[in-house]
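Novice: Here's a sequence, model it:
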Amino acid sequence: MCIAGPVNLQNVTALLHEGTGFVRDGAEIVDLREVTGLDSSLLAALLAWMREARAANHPLTVENMPSGLKTLAQLYGVEELLPATPRP
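Specialist: This next block holds a predicted model:
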């Protein structure tokens with residue numbers, strides 16, 4: 001699943017529902033390469049998708065995590081909950 005464009009309070013609800021469907025269908029990667037802007041709502045969506053994947057008993061990895069998202073995850077103390085591969 002590839003996330004593109006900005007992710008913020010205005011659009012996160014639709015994105016959350018769409019992403020939850022992908023995770024339920026077995027998506028194992030969330031690619032953030034095309035994210036152009038973000039706030040803490042993206043972190044909340046990722047954590048919700050991680051819970052969904054855990055409940056379905058399959059892995060979910062975050063690829064190309066923007067540095068701003070890493071900073072937010074560290075600030076909130078949840079960095080270890082987001083299995084991630086480094087951004088090139």
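Novice: Can you name the element that comes right after the longest strand seen in the chain?
Specialist: Counting by DSSP state E, the longest strand found in the chain is strand 29-38. Counting by DSSP states H and E, the next helix or strand C-terminal to strand 29-38 is helix 40-55.
Novice: if I look at Leu81, how far off is Gly5?
Specialist: Look at Leu81 and Gly5: by C-beta to C-beta, to the nearest Å, they are 24 Å apart. C-beta: built from backbone N, CA, C; applies to glycine.
Novice: Below-threshold pLDDT in this protein: ranges please.
Specialist: Per-residue confidence for the chain (pLDDT under 70) gives these ranges: 84-88.
Novice: Grab the most central residue of it for me.
Specialist: Closest residue to the average C-alpha location of the chain: Leu46 at 3.1 Å, with C-alpha atoms, centre = their mean.
Novice: these two touch, right, it and Val35?
Specialist: No - here Leu46 does not reach Val35: they are 11.0 Å apart, not a contact under C-beta atoms under 8 Å.
Novice: For those two, list the residues in contact with both.
Specialist: Contact criterion C-beta atoms under 8 Å, 6 or more residues apart in numbering; residues shared by Leu46 and Val35: Leu69.
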